[in-house]
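Sequence and predicted structure are below.
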Amino acid sequence: MVRKNLAQWFIRITDYAEELLTDLDQLDGWPERVRDMQRNWIGRSTGAQVRFPLVGRDDALEIYTTRPDTLMGVTYMAVAAGHPLAREQAQYKPELAAFLEECASISTKEADMAQMEKKGMPLGLEVIHPITGQHIPVWVANFVLMGYGTGAVMSVPAHDERDYDFARSYGLPIRQVIQPLDANHDLAQAAWTGDGVLINSGEFDGLDAQTAKKRITAWLQQHGAGEEKVNYRLRDWLVSRQRYWGTPIPVIHCQACGVVPVAEEDLPVVLPESLQPTGGASPLACCEAFINTTCPQCGQPAKREADTFDTFMESSWYMNRYTCNHYDAAMLDAEAMQRWAPVDQYIGGVEHAVLHLLYARFYHKLMRDAGLFDAKSVGDEPFVRLMTQGMVLKNGAKMSKSKGNTVDPRQIIDRYGADTARLFTLFAAPPEKDLEWNDEGVEGAWRFAGRVWRLTARADEAVHGENNDEDCRRMRRLIHQAIGRVTHAFEHGFAFNVAIAALMELSNHLQGFAAEGEQGHAVLREGLDVLLRMLAPFVPHLACECAERAGLHDMIILAPWPEVDEQALESDTIELVVQINGKKRGSISVAPDVTRDQAMARAQATPAIARWLEKAIIVKTILVPGRLLNIVVKPQ
RNA sequence: GCCAGGAUGGCGGAAUUGGUAGACGCAAGGGACUUAAAAUCCCUUGGGCUUUAUGCCCGUGCGGGUUCGACCCCCGCUCCUGGUACCA
């Protein structure tokens, strides 16, 4: 493999870095994890850009640091292998040239970089410290990245781990300028990267590090040696792809006029349909019919751009086009956007947490600023809520076609039907969690479906007796409690597994309920109706069939979601747990609005509880209404 | 390394966000029905102890703490997963 320099297209997402960062705060419908990932990805840092004049020359070495407070501790400078100064010196020094070559061929992958040995070489140049005027040697080092800041750093071994390791390897001086807050810290063992008070720093001695940052930056600014600087890790978005099947980048290269955009009325640029890729350069470059065109400005022969766009380009905005897919006057219909956008709920995998979801946010702001929709009504963000669903694992690895470890739900569907397959999948785990695939539970889902079906048959059973009022009230209470629980589960984090559990419970209760009289049958039918309506989103076919058979609904999916009858929830008595010093010792049956004293009297009248109170002094009692009574005692 | 999330029975997972830990299901064991099997139904199922009771002790990764009360909050660890940047 060879690394080549290519002329490619970028989109200046860095201009939106600040807004992309600050707007994350308003995305409270997003998981904090994803917002954190984006914050780290944008990687804003505040520091100082400082110029160190080169000894014996007119130019200066410019560096970026987040620790201007340690400026007085600089003992050497380090530049990246790709830095102009390193390249310049390599012209005269073959050894240096060889080292740069070596650096160029190493991997830039972070995992490899982390394990890489820190290597470097002196450039043979020196710079002048802007405050002390001391001469400081300049090194080239493999751990300095050309792509971040200025590609050069000031090295303060006493207060930076990398600089420390490097200084140790090459015997460079270590100069302490901060007194660590931790008195036990031994600088002979490791760098101190925390806060502290400045020492060995002349006029800045005695300042704490935070204050020193500002004061030293101000000093540099006054003396024209540097200024405060905000840096972002985020880089511009490389959108060029050397592929055939992508959106053509609508640009024309003209000998006379340079780079010219395709005229708006000529958009979109359409791909040639028949093309045999030959390998090598961008496939489109070889397609004469596509590539050759005329310049929109001067009319002379010109060539189209042969690269196509990154697919993130489309995934960043396609959902908006759904609001107005027949609209041909522009990319988007502002009116339709006002009605539909932004997206209420986005569901996707975490693997898109930074790239796709960051690009889409950026694109939204771009379209907003291009006036494609009304910013006030649509807002500044494309996705109001985000749910990141977990991955399905097989033997601990992410299921994927390339790994060949996929499981086709088809087998389950063929054997048990789509309803059972869906029920089983949703019941297995909460949606945001990764799940190790295991189909052992599918039988359980199948059995549940069968129980519901058989329960339905009971709706037509003959009346042959009477029901106890209290049993009916209890059953109705359970029915309406179930509505509350299932609704809650739907509304809080799509806890479908919990919703299904509650439905199974309701089904079990109905199964155990003996409907003998008219009243009992009415309650059974109510419970069945509620069960089927809430089950319908999970098992539409089964629910529909059951409801029809029981004569409840012709089309249950059209029936409204059931509502809790607050009255049904009421009960004459409740079980109140009684604790002694926080440990459960029994329970008492009391009215829901029981007072503390009443509950206390009741507890004392219960032998199993009273036993604990005999040889003790009651210190205090706490009543948690509807839940428990805690009696705090101490021995006599 | 750093950032985030997590650790609950044999297993997947619940716990109304500080109030009965283990819902619901799987697996396992026992029983009913059956000539038999399947299907179905019922019972048991965190560990231990005993006097078998509305019994006691222990128990939510480990060690402390706050609280009448902690899976939940605080401090200090261990391990796992994801993200990542040697970013100066």
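Right, received. Where do you want to start? Residues are numbered from 1 along each chain as shown, chains lettered A, B, ... in the order given.

where do the helices sit along the stretch 1-150 of chain A?
Listed in chain order, the helices of the stretch 1-150 of chain A (DSSP state H, counting those that start in this stretch) span A:17-22, A:32-42, A:84-90, A:94-105, A:110-115.

typo on my end, it should be the stretch 451-600 of chain A
Under DSSP H, counting those that start in this stretch, the stretch 451-600 of chain A gives helices at A:469-491, A:496-512, A:518-535, A:540-549, A:566-569, A:596-604.

right, and those - which one's nearest RNA strand B?
Taking C-beta to the nearest atom of the strand, helix A:496-512 is the member of these nearest to RNA strand B, at 3.4 Å. Heads up, the C-betas are built off the backbone N, CA and C, glycines and all.

So for the closest one, mean pLDDT?
For helix A:496-512, mean pLDDT rounds to 95.

Which single residue in the stretch 501-636 of chain A comes nearest to RNA strand B?
A:G582 (2.7 Å).

Tell me if I'm right that that residue and A:N630 touch.
Yes - if you go by C-beta atoms under 8 Å, A:G582 and A:N630 touch, sitting 6.2 Å apart.

Which residue of the two possesses the greater neighbour count?
More neighbours surround A:N630 than the other of A:G582 and A:N630, with 18 against 10 (other C-beta atoms under 10 Å).

Low-confidence bits of the stretch 401-550 of chain A, can you list those?
Along the stretch 401-550 of chain A, the model assigns pLDDT under 70 to residues A:402.

Is the residue of it found nearest RNA strand B in a helix, a strand, or coil?
The minimum distance from the stretch 401-550 of chain A to RNA strand B, using C-beta to the nearest atom of the strand, falls at A:G444 (2.7 Å). Going by DSSP: H, G, I helix; E, B strand; the rest coil, the secondary structure assigned to A:G444 is helix.

residues contacting it?
With contacts defined as C-beta atoms under 8 Å, 6 or more residues apart in numbering, A:G444 is in contact with A:F424, A:F427.

And for A:A397?
A:A397 touches A:K403, A:N405, counting by C-beta under 8 Å, 6+ apart.

re earlier: tell me which of the helices of the stretch 1-150 of chain A is the most buried.
helix A:84-90 (a mean of 18; mean count of other C-beta atoms under 10 Å).

tell me the mean pLDDT over that helix?
93.

near RNA strand B at all, it?
No - Helix A:84-90 stays clear of RNA strand B (C-beta under 7 Å from any atom of the strand), getting no nearer than 12.9 Å.

which other helices and strands contact that helix?
helix A:94-105, strand A:120-128 (3 or more C-beta pairs under 8 Å, 6 or more residues apart in numbering; DSSP states H and E).

Quick one: closest of the ones you listed to A:G151.
Closest of those to A:G151 is helix A:94-105, at 12.2 Å (criterion: C-beta to C-beta).

Just list what the closest one packs against, helices and strands only.
helix A:84-90, strand A:120-128, strand A:135-141.

go with 6 Å
For helix A:94-105, the elements it packs on are helix A:84-90, judged by 3 or more C-beta pairs under 6 Å, 6 or more residues apart in numbering; DSSP states H and E.

So what's the gap between the helix it packs on and the chain middle?
Distance, stretch centre to chain centre, for helix A:84-90: 41 Å (C-alpha atoms, centre = their mean, to the nearest Å).

coming back round to it: highest mean neighbour count out of the helices of the stretch 451-600 of chain A?
The most buried one of the helices of the stretch 451-600 of chain A (mean count of other C-beta under 10 Å) is helix A:518-535, showing a mean of 21.

From the rest of the structure, what touches that one?
By C-beta atoms under 6 Å, 6 or more residues apart in numbering, the list of residues contacting helix A:518-535 from outside reads A:459, A:463, A:467, A:472, A:475-476, A:479, A:486, A:503, A:506, A:510, A:515, A:543, A:546-547, A:550, A:552, A:556, A:559, A:562.

Pull the distance from that helix to the chain's centre.
42 Å.

again, but for stretch A:614-634
46 Å.

cool, and stretch A:340-358?
With C-alpha atoms, centre = their mean, you get 9 Å for stretch A:340-358.

what's the first-to-last distance across that stretch?
Using C-alpha to C-alpha, to the nearest Å, the end-to-end distance of stretch A:340-358 comes to 21 Å.

That stretch near RNA strand B anywhere?
Yes - remark: stretch A:340-358 sits within contact range of RNA strand B at A:V350, A:E351, A:A353, A:V354, by C-beta under 7 Å from any atom of the strand.

Tell me which residues are up against that stretch.
By C-beta under 6 Å, 6+ apart, the list of residues contacting stretch A:340-358 reads A:34, A:37-38, A:41, A:312, A:315, A:319-320, A:323, A:378-379, A:382-389.

again, 7 Å this time
For stretch A:340-358, contacts defined as C-beta atoms under 7 Å, 6 or more residues apart in numbering pick out A:20, A:34, A:37-38, A:41, A:312, A:315, A:319-320, A:323, A:373, A:378-379, A:381-389, A:391.

So which bits of the stretch 201-350 of chain A are right by RNA strand B?
A:N231, A:R233, A:V350.

Determine the three-state secondary structure at the second one.
State at A:R233, reduced to three classes by three-state DSSP: coil.

Contact partners for the nearest residue to it once chain neighbours are set aside?
Ranked by C-beta to C-beta, 6 or more residues apart in numbering and with sequence neighbours excluded, the top spatial neighbour of A:R233 is A:G43, at 2.7 Å. Applying C-beta under 7 Å, 6+ apart, we find A:G43 in contact with A:Y232, A:R233, A:L234.

what's the answer for A:V442, then?
So A:V442 contacts A:I412, A:Y416, A:T420, A:F424 (C-beta under 7 Å, 6+ apart).

now could you export just the CA positions of stretch A:517-525 as PDB?
In PDB, the C-alpha atoms belonging to stretch A:517-525 read as follows (Å, rounded to 0.1, in the frame of the first residue of the first chain):
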ATOM      1  CA  GLY A 517     -72.100 -15.100  36.700                       C
ATOM      2  CA  GLU A 518     -73.100 -12.300  34.400                       C
ATOM      3  CA  GLN A 519     -71.000  -9.800  36.300                       C
ATOM      4  CA  GLY A 520     -68.000 -12.100  36.100                       C
ATOM      5  CA  HIS A 521     -68.400 -12.500  32.400                       C
ATOM      6  CA  ALA A 522     -68.600  -8.800  31.900                       C
ATOM      7  CA  VAL A 523     -65.400  -8.400  33.800                       C
ATOM      8  CA  LEU A 524     -63.700 -11.200  31.900                       C
ATOM      9  CA  ARG A 525     -64.700  -9.600  28.600                       C
END
